[in-house]
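J.: What shape does this take:
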Amino acid sequence: MRKFLQILGVLFIVLFVSGIALAGVAFYRLHKAEVQGKAYLDAAFPAIAANWDQQQLLSRAGPDLMPGITPDEEANLFFQLSLLGPMQQYEGSTADHVESGASVKTGARTYVYCTTKARFRSGTVVFHIMLLRSGGVWTIDGFHVNPA
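T.: Have a look, this model is predicted:
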């Protein structure tokens, strides 16, 4: 009986240490994705918002950014954004939340939800942006505008 309990104890310790190691790897990967996503956004957002360049956003658009939007609706969106005027100051982004997962259909995907703030001629605006990394490529998959 004593031998059985010793083996069970060693097995429990191995499983416990393995669980901690897996949690550490997962934390490291999510933190790395957060840093990479934030860097991607800090480079992409000023290019898009400097003069509200439609092509700058569309070239970075993920599959779910503008599904079902007609070209007229797209043009109207950028017209509305252009009313903010040119960007005067970019205050950087913060990563609010990171999710990662995989499926047979979509493969591995990582989402980074960010908040960024910028000042335009017409005032300060807060943006909530969802980034997607799929196949090692970052894209913008959600873009929401809120007046500050």
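
J.: quick one: low-confidence parts of this protein?
T.: 104-106, 148 (pLDDT under 70).

J.: for this protein, which strand is longest?
T.: strand 87-103 (DSSP state E).

J.: Give the helix, strand or coil label for the residue nearest to S100 when sequence neighbours are not counted.
T.: Among residues not flanking S100 along the chain, T110 sits closest, at 4.5 Å (CB to CB, 6 or more residues apart in numbering). Yep, even glycine has a C-beta here, placed from its N, CA and C like the rest. On the three-state scheme (DSSP: H, G, I helix; E, B strand; the rest coil), T110 is labelled strand.

J.: And for T110, the neighbour number?
T.: For T110, the count of nearby residues is 21 (other CB atoms under 10 Å).

J.: Tell me where the protein has strands.
T.: Ranges of strands in the chain, per DSSP E, are 87-103, 107-120, 123-134, 137-147.

J.: Just checking: what are the partner strands of the third one?
T.: Each strand pairing with strand 123-134, determined using DSSP bridges, is listed with its direction: strand 107-120 (antiparallel), strand 137-147 (antiparallel).
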